[in-house]
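> Coordinates for the following, if possible.
(2 chains)
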Amino acid sequence: NAGVMQNPRHLVRRRGQEARLRCSPMKGHSHVYWYRQLPEEGLKFMVYLQKENIIDESGMPKERFSAEFPKEGPSILRIQQVVRGDSAAYFCASSPTAQETQYFGPGTRLLVL
Amino acid sequence: LAKTTQPISMDSYEGQEVNITCSHNNIATNDYITWYQQFPSQGPRFIIQGYKTKVTNEVASLFIPADRKSSTLSLPRVSLSDTAVYYCLVGGYSSASKIIFGSGTRLSIRP
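The predicted structure is shown next:
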C-alpha cells in the first residue's frame, strides 16, 4: 500500500505566478489535510477536506489560497500570485476517517523568487 | 484543542534510553495523545498513540498518568538515526480533526 504521495517535491516560482501542489492520499483514505511548515517551526494546519467537500479551512489565508479534493484525482492546493512569504514546505496528510491517525506525505518545498 | 508544552531540545548518547515529557493540562475527555517524529526535509512520521496508562510498540513506549495531564515518550537504546524533532499532539480525533503542532523537541543523539 503506497503512502501519501505529493508532487512536485520541489517547486520554484517567481512572485506573481501560481503554484499548484498535488496530494494523492493513501488508498482507502477519503480525508485529506494540508499543513504548512516554515523553517525551524512546527507544522501549521491549513485545511481539511473530504471528497468534494471542504470541512475546515480555518487555517487557510483568506486570499490567494484555495484547496479542492475532487471526486476523481488528487487533492490540489492552489496558491495564486505567490509572494516570497509563501516559501515553505507544504505537507499533506490523509486518514481513512476523521477519528483515525493521519499519515503524512513527503511534502512539497515551494521557493518563491 | 489542548495545547502542549515540551522541551525545546534534548541531548543524549547512543545506547541510552531517552524520555521526552509533554504537558497537556487542558486535555479533553475525548482526546488521544499522539507522537510524531520528523527528520529534516521529510514529513512527520507516526510513532505511537495512546489514551491512558501505557502503550508499547516496536519503536517506543508511551506512558500516560491517570490524570492524563502529561505523557512521556520513551525511546529505548537510541541510535544516531533517532536524531529528529519529536512532536507531542493532543486531540485531532474529535469533531475538529485537525492537528495542532507545537514546536516539538529537537533530539540530538551523539556517539
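> drop to CA atoms for contacts and neighbour counts, all remaining ones
Fine.
> what stretches of chain A score poorly on pLDDT?
A:1 (pLDDT under 70).
> Enumerate the residues of it near chain B.
Selection of chain A residues close to chain B by CA under 8 Å from any CA of the partner chain yields A:33, A:41-45, A:48, A:56, A:91, A:98-107.
> Could you tell me which of these count as buried?
A:33, A:42-45, A:48, A:56, A:91, A:98, A:101-107 (16 or more other CA atoms under 10 Å in any protein chain shown).
> could you list every residue that touches the spatially closest residue to B:Pro40 that is not a sequence neighbour?
Of all residues not flanking B:Pro40 in the chain, B:Ala84 sits nearest, at 7.4 Å (CA to CA, 6 or more residues apart in numbering or on different chains). B:Ala84 is in contact with B:37-40, B:106-108, counting by CA atoms under 8 Å, 6 or more residues apart in numbering or on different chains.
> so which of the residues you listed would you say is closest to A:Phe69?
Comparing those against A:Phe69 with CA to CA places B:Gln38 closest, at 25.7 Å.
> ok, the helix or strand that contains B:Asp11: who's next to it in the sheet?
Using DSSP states H and E, B:Asp11 maps to strand B:9-13. Using DSSP bridges, the strands paired with strand B:9-13 are strand B:105-110 (parallel).
> pLDDT averaged over the strand it pairs with - what is it?
Mean pLDDT, strand B:105-110: 96.
> Restricting to C-alpha, output it in PDB.
Once non-C-alpha atoms are left out, strand B:105-110 reads as follows in PDB (Å, rounded to 0.1, in the frame of the first residue of the first chain):
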ATOM      1  CA  THR B 105      11.500  18.600  20.900                       C
ATOM      2  CA  ARG B 106      14.800  18.600  18.900                       C
ATOM      3  CA  LEU B 107      16.500  15.400  20.000                       C
ATOM      4  CA  SER B 108      20.200  15.100  19.200                       C
ATOM      5  CA  ILE B 109      22.000  11.700  19.700                       C
ATOM      6  CA  ARG B 110      25.800  11.700  20.000                       C
END
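> contacting residues around it?
So strand B:105-110 is contacted by B:6-14, B:20, B:78-87 (CA under 8 Å, 6+ apart).
> in that strand, what counts as buried?
For strand B:105-110, by 16+ other CA under 10 Å, it's B:105-109.
> quick one on the thing from earlier: look up phi and psi at the residue nearest to B:Pro40.
Backbone torsions of B:Ala84, given as degrees, to the nearest 10, read phi -170, psi 180.
> For it, give its distance to chain A.
12 Å (CA to the nearest CA, to the nearest Å).
> ok, that residue to B:Leu107 distance?
6 Å (CA to CA, to the nearest Å).
> for A:Gly28, same thing?
34 Å.
> just B:Lys69 next, same as before
22 Å.
> Walk me through which strands the host helix or strand of A:Val32 pairs with, and which way each runs.
For A:Val32, the host element (DSSP H and E) is strand A:31-37. Applying DSSP bridges, strand A:31-37 is found paired with strand A:43-50 (antiparallel), strand A:88-95 (antiparallel).
> Take these and write them to TSV, including distance to A:His10.
Listed next are the strands paired with strand A:31-37 as TSV, based on distance: least, CA to CA, whole Å:
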stretch	distance to A:His10
strand A:43-50	18
strand A:88-95	9
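> all strands of chain A, in order?
A:5-7, A:10-13, A:19-24, A:31-37, A:43-50, A:53-56, A:65-68, A:75-79, A:88-95, A:103-104, A:108-112 (DSSP state E).
> Out of those, the one nearest B:Thr53 is which?
Using CA to CA, the nearest of the strands of chain A to B:Thr53 is strand A:103-104, at 24.1 Å.
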